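Participant: Following is a predicted model, sequence given first.
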Amino acid sequence: MLRLGKLTDYAVTLLSHMGLESGKPLWAASDLAEKSGLPMPTAAKVLKSLAKAQLVLAQRGATGGYKLARNPSEITIAEIIEAMDGPIAITDCTEGSGRNKCQIHRLCPMCNGWNTINLAVRDALEKVSLAQMFAPPAFDAAKRKP
């Protein structure tokens with residue numbers, strides 16, 4: 001089963017809160033922790049990783065805090081996953097996994113298949129923006145029962 005880490009889920013939650021109230025100039029880590037229901041140390045850890053990946057901008061000092069580095073519609077879910085969990089890869093042999101390559105990479109008949117799947121998953125995650133994650137679901141009249 002492909003499963004994202006808890007910190008990635010928390011990152012999407014924190015970024016969504018920041019995006020929903022984009023009029024707020026800076027967010028204190030403590031305010032984001034309270035709003036999201038996360039413990040302060042966890043929120044701080046996630047925000048530090050997001051700042052390192054340049055998804056949020058950090059301002060130090062008494063009046064400091066965090067703000068989104070870009071518009072929520074310009075931040076992809078793929079970027080958030082990579083900031084928190086590292087390169088998106090189904091197996092070690094896929095391109096961009098950043099891990100040790102499989103020892104039988106050259107002999108494996110499945111390598112190309114896994115890479116095709118990995119690229120499809122990554123492409124799908126790049127097409128979903130942070131803004132889409134917190135947007136209300138679109139009404140679909142075709143799915144509505146009479």
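Facilitator: All right, it came through fine.
Participant: how much space between the nearest residue to residue 129 once chain neighbours are set aside and residue 64?
Facilitator: Counting by C-beta to C-beta, 6 or more residues apart in numbering, the nearest residue to residue 129 once its immediate chain neighbours are dropped is residue 73, at 4.9 Å. Glycine gets a C-beta too; all of them are placed from N, C-alpha and C. Noted for residue 73: a distance of 26 Å to residue 64, by C-beta to C-beta, to the nearest Å.
Participant: Then residue 79?
Facilitator: Residue 79 sits at a distance of 23 Å from residue 64 (criterion: C-beta to C-beta).
Participant: and these two? which has more neighbours close in?
Facilitator: Legend: neighbour count by other C-beta atoms under 10 Å for residue 79 and residue 64, higher for residue 79 (19 against 11).
Participant: so who does that one touch?
Facilitator: Applying C-beta atoms under 8 Å, 6 or more residues apart in numbering to residue 79 gives the contacts 53, 55.
Participant: Likewise for the one 5 residues further on?
Facilitator: Residue 84 sits next to 4, 5, 7, 8, 11, 46, 49, 50 when contact means C-beta under 8 Å, 6+ apart.
Participant: same question, residue 83
Facilitator: 11, 49, 50, 52, 53, 55.
Participant: So for whichever helix or strand it is part of, mean pLDDT?
Facilitator: Applying DSSP states H and E as the criterion places residue 83 in helix 77-85. Mean pLDDT, computed over helix 77-85, is 96.
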